[in-house]
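could you look at this predicted model? Sequence included:
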Amino acid sequence: MKGWRSVRFKLALWYLAVLALGMATFGASSWFVLRQVMIENRLAEMDRHLGALEIFLAKESRGDDLPALSEEAREYSISLTEGQGIKVVSAAGQILFDKKAASGSALQRIRRISIRGHAIDIALAFPSADIDRILRTLAWIMVLVFPAVLIFALAGGWWMAKRSLQPVGEMTREARNISAHDLAARLSVPATGDELQDLAVAWNQLLARIEAAVGAVKRFTADAAHELRTPVTVVRTAAELALRHPRSAESYRQTLTSIEQETVQMTGLLDQLLLLARGDAGEWKFRFDTVFADQILRGLRHGLLPLAESKQIRMDWEIPAGSAMIWADETAIRRLVLILVDNAITHTPAGGTVSVSLHTGDGECALAVTDTGVGIAPEHLPNIFDRFYRADPARSPGSGAGLGLAIARAIVDAHNGTIEVASTGGQGTRFRVSLPSSESPAVTPSTLLSEKPVEKRLPLATDSRG
């Protein structure tokens, strides 16, 4: 049953139907055109005979009476081909001469002429058996030849469809052999130079994306389990030790404080994981509106000052006096700035400087966060925005789970912007974010207004860098 529904059968059947319709149309048209041409030629021949007969009667008649015309008509009939008939009738209906045509189908032509004062009707009848015979022969040739041609065409169409779709069958077999544990396998690309080759290339590209996505999920799962295992182990160990022997109230308080700290860390990590998971599922949505980026920086400047002072770090802010308008989600942009500035403060030693600058122009709004920290090694820069990636191999306490920059990049991507990082070992790091301004055609209300805000305010995330 599958063969009847296959593309090969459908292609061959369609080819057969089109060819049969074309041949039937051509055959019928040819038959009717030939018939019409032969009949017109026969009628033209009869018209020539009628003209010749009119001249003959006018010149050769030996008298002016009807019997003389009848005799001349009889003499002219001798020149007609066997089987052809002629009939001469007076205006009063008297038959002057009548030579019957051969039995069977015939073509008739009648003309009224005036000879020596007499009006007579001359009728010629020529047999059409030869025309019918030719047409029947042509019809039989079509009946016998056309089916043979259609059968040959069906076989050729089936073979051509089979040969053309053979690479598809091979790709299908190879695709069925690819399992979830062997995503590195690829389909063979036929060197046909047609759509089938493009299909194989597209499938291999899809397999590469699936392999990368599955690999990312595996790494994400392993890293998440690793990050959660440590605080869970600390909480469990503290609880077991507290329950093993009676302790003082102060000892219990210290244990509960430690459990609380680890719980807060786990909650923050889970919130970050939930945020990224919503982004992957397309459920992390924003509400875009005209936002003043300069006002966001002014509002965050006072809130970040205590954090910088606690680490003896100087903060420099370069905010334009005029308005810097962007089409964005205010909450998301605020989170983006907090992530970048918090990372800069975290990885800048005491006595260092963190600079935040905002510039507008050329249809964009550029935010730059620069620190004088230890910098990032060149080999880590390509992966700095990956989830759970931390350039610090020691993973110092409080360094974060390595999700902050991944969230930052997700926010920038959602705003059709770009984020770049430049770093020199021992001299610091500079993050630059470019977002389309509200006047830029890259972001318009028609493309972004349908988005909705994030349902809850997510916690601040930080990353560890080398």
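Okay, I see it. Numbering: from 1, shown residues only.

the nearest residue to Lys100 once chain neighbours are set aside: what's it in contact with?
Spatial nearest neighbour of Lys100, chain neighbours left out: Gly85 (5.2 Å); criterion: Cβ to Cβ, 6 or more residues apart in numbering. Quick note: C-beta positions are derived from backbone N, CA and C, even for glycine. Shown in contact with Gly85 (Cβ atoms under 8 Å, 6 or more residues apart in numbering): 98-102, 106, 124-126.

any of these buried? List them.
Those of the contacts of Gly85 that meet the buried threshold are 99, 101, 106, 124-126, by 16 or more other Cβ atoms under 10 Å.

pLDDT check: weakest of the residues you listed?
In this model, the minimum pLDDT among those belongs to Ala101 (80).

pLDDT on stretch 425-436, on average?
pLDDT averaged over stretch 425-436 gives 87.

stretch 310-329 now?
Stretch 310-329 comes out at a mean pLDDT of 88.

flag the shaky bits of the stretch 51-200 of the chain, pLDDT-wise.
The stretch 51-200 of the chain contains residues with pLDDT under 70 at 60-64, 180.

what ranges do the helices span in it?
Along the stretch 51-200 of the chain, the stretches classed as helices by DSSP state H, counting those that start in this stretch are 66-77, 129-176, 195-244.

so which of these comes closest to Ala119?
Smallest distance to Ala119 across the helices of the stretch 51-200 of the chain (Cβ to Cβ): 10.9 Å, for helix 66-77.

what does that closest one rub up against?
With Cβ under 8 Å, 6+ apart, helix 66-77 has contacts from 53, 56-57, 60-62, 86, 88, 90, 94, 96-97, 99, 115-116, 118, 120, 122.

what residues sit buried inside stretch 303-315?
304, 308, 313, 315.

keep only those of those that are in helices.
304, 308 (DSSP state H).

of the buried residues of stretch 303-315, which pair is most distant in space?
Leu304 and Ile313 (10.1 Å).

intersection of neighbour lists for the two?
Joint contacts of Leu304 and Ile313 (Cβ under 8 Å, 6+ apart) are Ile345.

sketch out the low-pLDDT regions of the stretch 201-350 of the chain for me.
The model of the stretch 201-350 of the chain has pLDDT under 70 over residues 220, 223, 226-227, 230, 272, 275-284.

on that earlier part again, next, format the buried residues of stretch 303-315 as CSV and append distance to Trp140.
Formatted as CSV, the buried residues of stretch 303-315 follow (distance: Cβ to Cβ, whole Å):
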residue, distance to Trp140
Leu304, 98
Ala308, 102
Ile313, 103
Met315, 101
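
and which of the buried residues of stretch 303-315 is nearest to Arg287?
For those, the nearest to Arg287 is Leu304 (24.7 Å; Cβ to Cβ).

excluding its backbone neighbours, what's nearest that closest one?
Val341 (5.7 Å).

the one you found: neighbouring residues, count only.
Around Val341 there are 24 other residues, counting by other Cβ atoms under 10 Å.

could you do Val291 as well?
22.

that one reaches Arg334, doesn't it?
No. With contact defined as Cβ atoms under 8 Å, Val291 does not reach Arg334; the gap is 9.3 Å.

coming back round to it: what residues are bridge-paired with the residue nearest to Lys100?
With DSSP bridges applied, Gly85 shows beta-bridge pairing to Ala125.

how near is Ala175 to Gly193?
Using Cβ to Cβ, to the nearest Å, Ala175 is found at 21 Å from Gly193.

who has more neighbours, the two?
Ala175 (12 against 8).

skipping adjacent residues, who's closest to the more buried one in space?
The shortest distance from Ala175 to any non-neighbouring residue, by Cβ to Cβ, 6+ apart, is to Leu187 (6.5 Å).

could you verify my assumption that that neighbour touches Gln205?
No. Counting by Cβ under 8 Å, Leu187 does not reach Gln205; the two are 10.5 Å apart.

between the two, which one's more packed in?
Shown here are Leu187 and Gln205; by other Cβ under 10 Å, Leu187 has more neighbours (21 against 11).

list the contacts for the more buried one?
By Cβ under 8 Å, 6+ apart, Leu187 lies in contact with 171, 174-175, 200, 203-204, 207.

buried subset of these?
171, 200, 203-204, 207.

quick one: the spatially closest residue to Glu174 that is not a sequence neighbour from Ala125, how far?
Nearest non-adjacent residue to Glu174, counting by Cβ to Cβ, 6+ apart: Leu187, 5.0 Å away. Distance, Leu187 to Ala125, by Cβ to Cβ: 77 Å.

now Leu69
Separation of Leu69 from Ala125 (Cβ to Cβ): 19 Å.

am I right that Arg42 sits in a strand?
No. Arg42 is assigned helix when assessed by DSSP: H, G, I helix; E, B strand; the rest coil, not a strand.

against Asp130, how distant is it?
Applying Cβ to Cβ to Arg42 and Asp130 gives a distance of 9 Å.

put the alpha carbons of stretch 248-265 into CSV.
The C-alpha trace of stretch 248-265 is given here as CSV (Å, rounded to 0.1, in the frame of the first residue of the first chain):
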residue,chain,number,x,y,z
SER,A,248,24.6,25.1,72.7
ALA,A,249,22.1,27.7,71.4
GLU,A,250,25.0,29.7,69.9
SER,A,251,26.2,26.6,68.0
TYR,A,252,22.8,25.9,66.7
ARG,A,253,22.5,29.5,65.6
GLN,A,254,25.8,29.3,63.7
THR,A,255,24.6,26.1,62.0
LEU,A,256,21.3,27.7,61.0
THR,A,257,23.1,30.7,59.7
SER,A,258,25.4,28.6,57.5
ILE,A,259,22.3,26.7,56.2
GLU,A,260,20.6,29.9,55.5
GLN,A,261,23.6,31.2,53.5
GLU,A,262,23.8,28.1,51.4
THR,A,263,20.0,28.1,50.9
VAL,A,264,20.2,31.7,49.6
GLN,A,265,23.0,30.7,47.2
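
list the buried ones in that stretch?
Neighbour-count burial for stretch 248-265 [16+ other Cβ under 10 Å]: 255, 258-259, 262, 265.

of those, which belong to helices?
Per DSSP H, the subset of the buried residues of stretch 248-265 in helices is 255, 258-259, 262, 265.

phi first, then psi, for the spatially closest residue to Pro349 that is not a sequence neighbour.
Nearest non-adjacent residue to Pro349, counting by Cβ to Cβ, 6+ apart: Gly373, 6.7 Å away. The phi/psi pair for Gly373 (degrees, to the nearest 10) reads phi -80, psi -160.

burial measure for Gly373, as a count.
Neighbours around Gly373, by other Cβ under 10 Å: 24.

residue contacts, it?
So Gly373 contacts 344, 347-349, 352, 428-429, 465 (Cβ under 8 Å, 6+ apart).
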